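Trainee: Curious how this folds, go ahead:
(chains A and B)
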Protein chains: 2
Amino acid sequence: MIRIGIFGYGNLGKGVECAVKKNKDMELKAVFTRRDPETVKIMTEGVSVYKEEKLPEMKDEIDVLILCGGSATDLPEQTPKYASLFNVVDSFDTHANIPKHFDNVDKNARAAGKTCVISCGWDPGMFSLNRLYANCILPDGVDYTFWGKGVSQGHSDAVRRIEGVKDCRQYTCPVEAALDAVRSGSNPSLTTRDKHTRVCYVVAKEGADLSRIENEIKTMPNYFADYDTTVHFITEEEMARDHSGLPHGGNVIRTGKTGMNDEHTHIIEYKLTLDSNPEFTGSVIAAYARAVYRLNKEGDTGCKTVFDIAPKYLSDKDERELIAHLL
Amino acid sequence: MIRIGIFGYGNLGKGVECAVKKNKDMELKAVFTRRDPETVKIMTEGVSVYKEEKLPEMKDEIDVLILCGGSATDLPEQTPKYASLFNVVDSFDTHANIPKHFDNVDKNARAAGKTCVISCGWDPGMFSLNRLYANCILPDGVDYTFWGKGVSQGHSDAVRRIEGVKDCRQYTCPVEAALDAVRSGSNPSLTTRDKHTRVCYVVAKEGADLSRIENEIKTMPNYFADYDTTVHFITEEEMARDHSGLPHGGNVIRTGKTGMNDEHTHIIEYKLTLDSNPEFTGSVIAAYARAVYRLNKEGDTGCKTVFDIAPKYLSDKDERELIAHLL
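Mentor: Numbers count the residues shown, from 1 in each chain, chains lettered A, B, ... in the order given. Presented below is the predicted three-dimensional model:
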């Protein structure tokens, strides 16, 4: 059994917990938190919740530690730190800082003989892999990535900061006409506005000026100004009833030409439709936790991304079985 | 430059030739054939065509030899034989015999210090990879593979063997209603007939009994009897005008459950829409030829499948560039 530790018990931590349950060769060993452990109730029976400070003394009881903190401030500090003690997987997604994060983790992991995967999930993660494979197969081509329909936490939070807003759920929606144009192989040039729309469900505080809120949302730079945005005001009951989930997904499409005269067009599309963003992300992370465990057993240490890992390492089946059933 | 040799100059050989042209770090060194080389005219200027017998003496001038013969009789003999002299890639697709083929190639490749990839293309190949990734991410799920719309050479050939048939092009078509049912996440049980239909365009010999031909097609065991088949009789001119291409494609879909109570459904779909089956297959093979070349340089020898190869090896970009642009 691969003994898994989870550090950070928010949505992603819970998603990893669910994923561990689905993998018969894994067991959840412990959950670690910066909160008071007494206040953290997890879903798996018989598994303890500890303070972060307990981590070092459990280094021989955990095969892979999954870091479920945020990319802004948690992971830049936690992943390098714990790469000195554990094999770790994180979902670091601040794109511009990945090279620096990689180096920080790599140095400590190598020194400690540990194996790590950073930036794991679906984007970055499975979407990245599909971009890479499609680019290598069709060198002469164009990439498109669409997201949604799905909840964007960042955009929801931005709306919540507007005066008079009590709660918000923001959905990012791909524009079907743009998707169709890409799938036609016509290689359209698409602006930000062409590709996605944004839909906000907002609970306003009593007496708030709804038209001011709507205007502030629609004109917010970076977040909304470049998009066609729709704002719906709803009640708290409607929010709880209709918008409690965290669905997401998207499409990675590459269209490319082959033939001595570029006479043939090919379209490679990878599409995810996810009921629960954190549970799917946790499921990808669990598969890479297995890879990290196996690579470390083979003596392959240091920091890695999904690009570095041969697909067979994700599976609990032996290679003959993979060849027989999946090749 | 990676120096590529092609052995076998049919549709796939031509597809590989086109793919080599698209990869700036590759050059086509020579084409080898069992035919009289004088009769083989290739598309790339300044490249020679040689008899098969010339292969051994060119072993130091070719980095990767692509074997473009058939799976029935060519590759079982050729791939192990030339794995003793070259790094090789083939597209062996007789599924039941892959383990034996793997062992034969592996033994010779290891003894000679060569690196080989067998069963490379899109199915087996990219479809296999997507089945593997999706199975590892969603252990509790169901797999579906659809093919088409595309030309099946095997089925076209089977119809051509019927008395009175001069030519045939057979299209395998996915049933859209079945695809929709799978994409809904309802995990439908689908029979062979539910998933695909078959459409035949037939040029009959003068005076042939069309209704007998149609009946023989529709009742042919294994090939057509289990499918709803449509037969269209057309002229030679229509065949040349409308059915000279070799389009293909398909969908690999896995639907799976997550959550402590299986409350969330996820759908992973990989879809290929290909104008030219052999050119796309050749493009996948070219990317894996690069991997084979690089792995061999690193001393990683023996027989491999797409499951064994870390994605980064397919790319001509260095890892920092991949992280910056594709992760």
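Trainee: Return the nearest residue of the stretch 1-150 of chain A with respect to chain B.
Mentor: For the stretch 1-150 of chain A and chain B, the shortest gap (CB to the nearest CB) falls at A:C136, measuring 3.8 Å. For the C-beta atoms, the positions are set from N, CA and C on the backbone; glycine is no exception.
Trainee: Contact partners for that residue?
Mentor: A:C136 sits next to B:287, B:290, B:311, B:314-315 when contact means CB atoms under 8 Å, 6 or more residues apart in numbering or on different chains.
Trainee: one more time with 10 Å
Mentor: For A:C136, the contacting residues are B:23, B:283-284, B:286-288, B:290-291, B:311-317, B:322, B:326, by CB atoms under 10 Å, 6 or more residues apart in numbering or on different chains.
Trainee: can you map out the strands along the stretch 201-327 of chain A?
Mentor: A:228-233, A:248-258, A:264-274, A:302-304 (DSSP state E, counting those that start in this stretch).
Trainee: One more: the stretch 1-150 of chain A?
Mentor: With DSSP E, counting those that start in this stretch as the criterion, the stretch 1-150 of chain A has strands spanning A:2-7, A:26-33, A:48-51, A:64-67, A:87-90, A:115-117, A:141-147, A:150-151.
Trainee: List the neighbouring strands of the fourth one plus their orientation.
Mentor: By that I understand strand A:64-67. strand A:2-7 (parallel), strand A:87-90 (parallel) (DSSP bridges).
Trainee: swap in the last one?
Mentor: Here strand A:150-151 has these sheet partners by DSSP bridges: strand A:165-174 (antiparallel).
Trainee: Let me see the ranges of the helices in the stretch 1-150 of chain A.
Mentor: A:11-22, A:74-82, A:98-112, A:126-137 (DSSP state H, counting those that start in this stretch).
Trainee: could you redo the ones you listed as CSV and give each row mean pLDDT?
Mentor: Listed next are these as CSV, based on pLDDT from 0 to 100:
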stretch, mean pLDDT
helix A:11-22, 98
helix A:74-82, 98
helix A:98-112, 97
helix A:126-137, 98
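Trainee: got JSON lines for these, with distance to A:R193 too?
Mentor: What follows is the helices of the stretch 1-150 of chain A, written out as JSON lines (distance: least, CB to CB, whole Å):
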{"stretch": "helix A:11-22", "distance to A:R193": "30"}
{"stretch": "helix A:74-82", "distance to A:R193": "32"}
{"stretch": "helix A:98-112", "distance to A:R193": "28"}
{"stretch": "helix A:126-137", "distance to A:R193": "22"}
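Trainee: and A:M220, which of those helices is closest to it?
Mentor: helix A:11-22 (24.1 Å; CB to CB).
Trainee: Determine how far the closest one lies from the middle of the whole chain.
Mentor: 13 Å (CA atoms, centre = their mean, to the nearest Å).
Trainee: And stretch A:167-178, by the same measure?
Mentor: With CA atoms, centre = their mean, you get 18 Å for stretch A:167-178.
Trainee: Would you indicate which residues of that stretch are buried?
Mentor: A:167-175, A:178 (16 or more other CB atoms under 10 Å in any protein chain shown).
Trainee: about what we covered before: hey, which of the strands paired with strand A:64-67 is tucked in deepest?
Mentor: Mean neighbour count (mean count of other CB atoms under 10 Å in any protein chain shown) peaks for strand A:87-90 among these, with a mean of 30.
Trainee: ok, back up a step: to B:V49, which of the strands of the stretch 1-150 of chain A lies closest?
Mentor: With CB to CB as the measure, strand A:141-147 is the member of the strands of the stretch 1-150 of chain A nearest B:V49 (29.7 Å).
Trainee: Between strand A:165-174 and the closest one, find me the angle.
Mentor: 150 degrees (axes from the mean of the first three to the mean of the last three CA atoms, to 10 degrees).
Trainee: Taking helix B:11-22 as reference, get the angle to strand A:141-147.
Mentor: 90 degrees.
Trainee: Counting neighbours, which bits of strand A:141-147 end up buried?
Mentor: A:141, A:143-147.
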